[in-house]
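Novice: mind looking at a prediction? Sequence and model below.
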Amino acid sequence: RASEEEVREYFASSCGGVECILTCELPLMNDGRSSGTAIIEFASVEAAAKAVELNGEDFQGRWLNIKYSTPKPIMAPREPTQKQDGCVTVFVGNLSWNIDEDTLKEVFGECGEIKMVRFATDKETEDFKGYGHIEFYETEATDKAMELAGTDI
């Protein structure tokens with residue numbers, strides 16, 4: 001996990017020195033692990049543009065995905081994507097660390113018959129990552145499931 005100092009140094013070297021960075025925040029997930037993101041406020045539009053030019057570069061063995069910030073809060077609900085024909089799977093995110101398959105089946109079972117629930121886990125530790133997918137037998141069930149977007153489970 002990169003430190004704030006390492007992130008500041010990396011971007012300062014490409015964007016005009018340490019004075020080009022006003023703030024640098026490295027958000028953590030609920031369990032204290034790194035979210036793998038940094039929120040950096042630059043002193044000028046030019047410095048921010050230089051940072052965006054680093055998109056795709058390597059930083060400590062990981063490729064960078066750099067975007068300009070948007071006014072919406074980082075943890076705001078995402079807009080649903082366009083449904084593909086025949087889609088039978090929905091993404092469920094921002095789940096409680098204590099969620100279980102039975103609870104998801106209880107909540108989403110009213111939408112249609114569930115074929116499978118898959119929870120995302122860390123490849124190394126196998127720890128739950130806070131999201132998963134629900135696969136239904138019928139595509140119409142996904143429409144009903146999407147009506148539950150934003151529901152506290």
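Specialist: Received the coordinates, thanks. Residues are numbered from 1 along each chain as shown.
Novice: got the contact list for residue 107?
Specialist: 148, 151, 153 (Cβ atoms under 8 Å, 6 or more residues apart in numbering). Where you see a C-beta, it was placed from the backbone N, CA and C, and this is true even at glycine.
Novice: take those residues and keep only those in helices.
Specialist: Secondary structure defined by DSSP state H assigns none of those to helices.
Novice: closest to residue 1 out of those residues?
Specialist: For the contacts of residue 107, the minimum distance to residue 1 (Cβ to Cβ) is 29.2 Å, reached by residue 153.
Novice: count residues in the vicinity of that closest one, would you?
Specialist: By other Cβ atoms under 10 Å, 13 other residues sit near residue 153.
Novice: element containing the nearest residue to it once chain neighbours are set aside?
Specialist: Excluding its sequence neighbours, the residue lying closest to residue 153 (Cβ to Cβ, 6 or more residues apart in numbering) is residue 107, at 5.5 Å. Assigned by DSSP states H and E, residue 107 belongs to helix 101-108.
Novice: got a list of contacts for the next helix or strand after that helix?
Specialist: With elements assigned by DSSP H and E, the helix or strand that comes after helix 101-108 is strand 114-121. Residues outside strand 114-121 that contact it (Cβ under 8 Å, 6+ apart) are 88, 99, 101, 104-105, 108, 127-137, 141.
Novice: of those residues, select the buried ones using a PyMOL command.
Specialist: Selection command for PyMOL covering only the buried members of the contacts of strand 114-121, criterion 16 or more other Cβ atoms under 10 Å:
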select buried, resi 88+99+104+108+128+129+130+132+134+136+141
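Novice: inside helices: which ones of the contacts of strand 114-121?
Specialist: Those of the contacts of strand 114-121 lying in helices (DSSP H): 101, 104, 105, 108, 141.
Novice: in JSON lines: those, plus pLDDT and distance to residue 47.
Specialist: Shown next, in JSON lines, are the ones in helices among the contacts of strand 114-121 (pLDDT from 0 to 100; distance: Cβ to Cβ, whole Å):
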{"residue": "101", "pLDDT": "96", "distance to residue 47": "47"}
{"residue": "104", "pLDDT": "96", "distance to residue 47": "44"}
{"residue": "105", "pLDDT": "97", "distance to residue 47": "49"}
{"residue": "108", "pLDDT": "97", "distance to residue 47": "45"}
{"residue": "141", "pLDDT": "97", "distance to residue 47": "48"}
